[in-house]
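Asker: Give me a model of this one.
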Amino acid sequence: MTRAVESSRGADEKLAPWLMKVTVHLCADAHRERVREQRRWDRVPVHVVVPVDERVCDQAEAQWLAGGSRVCRSGRPVRCGCGRRTSLSGR
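Answerer: Purely as a prediction, here's the structure:
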């Protein structure tokens, strides 16, 4: 736009309408871009539902990594398949 103003020689009567047209087009382009961006965000799920089994496994794994309780609710030690005591599995 600056170049157009600088290079206009004697065409002042055409410059004002051209600047108005360019400005309106830029505003319309910016509006369309905002609408497109909003549509993109509308497609993004707000809340991702995690299945219960995955959440339980994640919690158990976190507890195991943190060195959670080594005793089950009945007070007996819990053993995993390898024979080590653990808080995750009774196998």
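Asker: do you know how far Leu65 is from Glu54?
Answerer: 16 Å (CB to CB, to the nearest Å). C-beta: built from backbone N, CA, C; applies to glycine.
Asker: Could you chop the chain up by domain?
Answerer: 2-43, 61-91 (automatic domain parsing).
Asker: Now for Arg36, how many residues are close by?
Answerer: By the measure other CB atoms under 10 Å, the count of residues near Arg36 is 10.
Asker: so which helix or strand takes in Val22?
Answerer: Val22 belongs to helix 12-43 when assigned by DSSP states H and E.
Asker: mean confidence for that helix?
Answerer: Throughout helix 12-43, pLDDT has a mean value of 90.
Asker: which element follows it toward the C-terminus?
Answerer: helix 52-65.
Asker: pLDDT wise, what is Ser8 at?
Answerer: Value listed for Ser8 in the pLDDT field: 65.
Asker: right, I mislabeled it, should have said Val78
Answerer: pLDDT, read off for Val78, is 57.
Asker: Next one: Val48 relative to Glu6, how far apart?
Answerer: 54 Å.
Asker: likewise Lys14?
Answerer: According to CB to CB, Lys14 and Glu6 sit 15 Å apart.
Asker: before we move on, what about Asp29?
Answerer: 23 Å.
Asker: what residues are up against Lys21?
Answerer: For Lys21, no contacting residues are found, by CB atoms under 8 Å, 6 or more residues apart in numbering.
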